[in-house]
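Q: Here is a sequence with its predicted model. Questions after.
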Amino acid sequence: MTVYLVGAGPGDPGLLTRRGAELLARADVVVHDRLGTADLLDLARPDAEMVSAGKAPGQVDLTQDEINAVLVDRGRAGLEVVRLKGGDPFVFGRGGEEAEALAAAGVPFEVVPGITSAIGAPAYAGIPVTHRGRSTHFTVVTGNEDPAKATTDVDWEALARTGGTLVILMGAARIGGIADRLMAGGLAPDTPVAAVRDGTRPDQRTVRATLATIGAAGVRAPAAIVVGAVAALDLTWFESRPLFGRTVVVTRAREQVSELRTRLERLGAGVLELPAIAIKPVPFTVPPLADYAWVVFTSVNGAHAFFTQGLAPAGLDARALGGVRVAAIGPGTAAAAAEHGITIDLVPGRFVAEALLDAFPDPDRAGERVLLARAEQARDVLPEGLGARGYAVDVLPVYRTVTTAPDPGVLEQVRAGRFDAVTFTSSSTVRNFTDQVGPLPDPAPAVVSIGPVTSATARDLGWTVAAEASEHTIDGLVDAVCALLAPSPR
């Protein structure tokens, strides 16, 4: 039995340490703060007990004494417990109090440090807390001391005389009075100040001012406030990314979403996952492949399912396709087949069924057989077109798409239209998303489609397609989102 006090970092889920991720993935119980992102909690086991211990002004899920009691109780029960805390557990995180409670109860514990917002938030705003020639040291202080204390430990006038950089956490509501005291202690009114709100998150905002003006600058919590010469530096990188401040809805199946989400987030977008479909296996048996001249894959899902999910003849692998030519509808599908050792003989210039049909050679003899591995429900353009060309086509369903139950919180945000664009990667995502969302928001949000077939389905259902990928791939879809939403070069 061990209780792990784990620092989650300041907000960006990528800043969780490797040790923290490993512990979170195996924990029986996760006692978590309001972390600002659900992504970290998604790393936990599906069957883990989740205990919300968040605190916000006017709202407390559990008091500190109740949190301590939960940690002791679950630890004594022999469970692996992760206490997931924003920032670092021992930097204004009350981790010390929790460690004291566990030690007094004889419950083993470990501390896993995290990146504190005192350093992480300024770094994401392009502000180094130390800089040669400007600041040789920095001080971190809370602007919100324990109200139960009879005296204050913070001597703001003395801090004004220490030099270097001052980082104030939890001080947004009091920053005007704090600035007055720092000026009273000798800091010049024109001392640079930068307040980084929601640091490291997609909605990060940086307010730049001086000690004389920061009180009227509208600083809102949660903010890390930097005072000193380094606050004048503006080495912006995070907020200057092309999709920063934009929110994009991703409707791909959860099994497929990671690549698209990662690409969008690297460009600065906030991503709302509302999977409109899920991929489910279909029982199938791979027929003797020597009977076929061609095997055709029409999607990434079909290529993977063909090699991993079916009841196949003994030894089905790349060798089983020796002498059989293979076609793929696009480079993504070709790459999926290549993961199983397959070299693709034919990929059309445009990544739609019609283009594949146009590129397909005539059969060497009438009745030459083609095996088409695809979704259970799909358009009949290929089988009908190949049949008309003289091929004998066997359709092999290898997976199906089904509607999923959406996350209520994400669905509410989408229905309210609180996003900038929605991406569709197939006709099924359009149909199921429309069923999930119900009446279209007014004004309807921008739709970005992966290709003409998907666009046509969207228009048929009342959506206005604002952009369509010129290359019908995930890369092309991301490029179309950027072209639509990214600011024009100056």
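A: It's in.

Q: which stretches of the stretch 301-450 of the chain have low pLDDT?
A: In the predicted model of the stretch 301-450 of the chain, residues 310-319 satisfy pLDDT under 70.

Q: can you give me the helices for it?
A: Remark: helices assigned in the stretch 301-450 of the chain by DSSP state H, counting those that start in this stretch are 331-338, 353-359, 381-388, 408-415, 427-437.

Q: okay if I get those as JSON lines plus distance to D39 and mean neighbour count?
A: C-beta here means a position set from N, CA and C on the backbone, and glycine is covered the same way. Shown next, in JSON lines, are these (distance: least, Cβ to Cβ, whole Å; neighbours: other Cβ atoms under 10 Å):
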{"stretch": "helix 331-338", "distance to D39": "24", "mean neighbour count": "20"}
{"stretch": "helix 353-359", "distance to D39": "35", "mean neighbour count": "17"}
{"stretch": "helix 381-388", "distance to D39": "38", "mean neighbour count": "16"}
{"stretch": "helix 408-415", "distance to D39": "12", "mean neighbour count": "14"}
{"stretch": "helix 427-437", "distance to D39": "21", "mean neighbour count": "21"}
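
Q: Of these, which is nearest F109?
A: helix 408-415 (32.0 Å; Cβ to Cβ).

Q: Can you name every helix or strand that the closest one contacts?
A: Counting contacts by 3 or more Cβ pairs under 8 Å, 6 or more residues apart in numbering; DSSP states H and E, helix 408-415 packs against strand 270-273, helix 427-437.

Q: How far away from the center of its chain is it?
A: 16 Å (Cα atoms, centre = their mean, to the nearest Å).

Q: same question, stretch 415-424
A: Computed by Cα atoms, centre = their mean, the chain-centroid distance of stretch 415-424 equals 16 Å.

Q: and the helices of the stretch 301-450 of the chain as JSON lines, adding distance to V29?
A: Below are those laid out as JSON lines (distance: least, Cβ to Cβ, whole Å):
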{"stretch": "helix 331-338", "distance to V29": "38"}
{"stretch": "helix 353-359", "distance to V29": "50"}
{"stretch": "helix 381-388", "distance to V29": "51"}
{"stretch": "helix 408-415", "distance to V29": "23"}
{"stretch": "helix 427-437", "distance to V29": "32"}
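
Q: do you know which of the ones you listed lies nearest V31?
A: Nearest to V31, of the helices of the stretch 301-450 of the chain and by Cβ to Cβ, is helix 408-415 at 20.4 Å.

Q: which residues sit against the closest one?
A: Helix 408-415 has contacts (Cβ atoms under 8 Å, 6 or more residues apart in numbering) with V249, L272, E273, L274, F419, V422, Q436, V437, G438, P441.

Q: Would you mind finding the longest strand in this structure?
A: For the chain, the longest strand by residue count, based on DSSP state E, is strand 392-403.

Q: Could you list every helix and strand that it packs against?
A: Secondary-structure packing of strand 392-403 (3+ Cβ pairs under 8 Å, 6+ apart): strand 277-281, helix 300-308, strand 369-375, helix 381-388, helix 427-437.

Q: quick one: that strand to strand 277-281, angle?
A: For strand 392-403 against strand 277-281, the angle by axes from the mean of the first three to the mean of the last three Cα atoms, to 10 degrees is 130 degrees.

Q: May I see the buried residues of strand 392-403?
A: Buried residues in strand 392-403, defined by neighbour count with 16 or more other Cβ atoms under 10 Å: V393, L396, P397, V398, Y399, R400, T401.

Q: for that strand, the distance to its chain's centre please.
A: From the chain centre to the centre of strand 392-403 is a distance of 30 Å (Cα atoms, centre = their mean).

Q: Taking their axis directions, that strand and helix 300-308 sit at what angle?
A: Here strand 392-403 points in a direction 110 degrees away from that of helix 300-308 (the same axes, to 10 degrees).

Q: Name the surrounding residues that touch strand 392-403.
A: Outside strand 392-403, the residues that reach it (Cβ under 8 Å, 6+ apart) are 253, 276-282, 284, 286-287, 292, 301-302, 305-306, 309-310, 367-377, 382-383, 386-387, 426, 428, 432, 435-436.

Q: Quick one: residues contacting V219.
A: Applying Cβ under 8 Å, 6+ apart, we find V219 in contact with A172, I175, A195, R197, V207, I225.

Q: Out of those, which sit inside strands?
A: Those of these lying in strands (DSSP E): A195, R197, V207, I225.

Q: Domains of the chain: list them as residue ranges, please.
A: 2-114, 119-232, 247-276+404-485, 281-400 (automatic domain parsing).

Q: what about the longest one, how long is it end to end?
A: It refers to domain 281-400. By Cα to Cα, to the nearest Å, the extent of domain 281-400 from end to end equals 6 Å.

Q: just the second one next, same as before
A: End-to-end span of domain 119-232 (Cα to Cα): 16 Å.

Q: got it, and the third one?
A: Between the opening and closing residues of domain 247-276+404-485 there is a gap of 10 Å (Cα to Cα).

Q: before we move on, the earlier item: any chance of the helices and strands packed on helix 408-415 in JSON lines with distance to E471 as columns?
A: JSON lines is the format used below for the helices and strands packed on helix 408-415 (distance: least, Cβ to Cβ, whole Å):
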{"stretch": "strand 270-273", "distance to E471": "21"}
{"stretch": "helix 427-437", "distance to E471": "18"}
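
Q: now for those, which one comes closest to V91?
A: strand 270-273 (26.0 Å).

Q: That closest one packs against which elements?
A: Going by 3+ Cβ pairs under 8 Å, 6+ apart, strand 270-273 lies up against strand 247-250, helix 257-266, helix 408-415.

Q: Would you mind confirming that P122 is in contact with A194?
A: Yes. Between P122 and A194 there is a contact at 7.3 Å, judged by Cβ atoms under 8 Å.

Q: Now for these two: what residues contact both?
A: Residues touching both P122 and A194 (Cβ under 8 Å, 6+ apart) are V226.

Q: which sections of the stretch 51-200 of the chain are below the confidence cut-off?
A: 55-59, 146-152.

Q: Kindly recompute the last result at 50.
A: Of all residues in the stretch 51-200 of the chain, none has pLDDT under 50.

Q: Okay, and the closest residue in space to F244 that isn't next to it in sequence sits in which element?
A: Nearest in space to F244, with sequence neighbours left out and distances taken as Cβ to Cβ, 6 or more residues apart in numbering, is G268 at 3.4 Å. Element membership for G268 (DSSP states H and E) is empty, with no helix or strand holding it.
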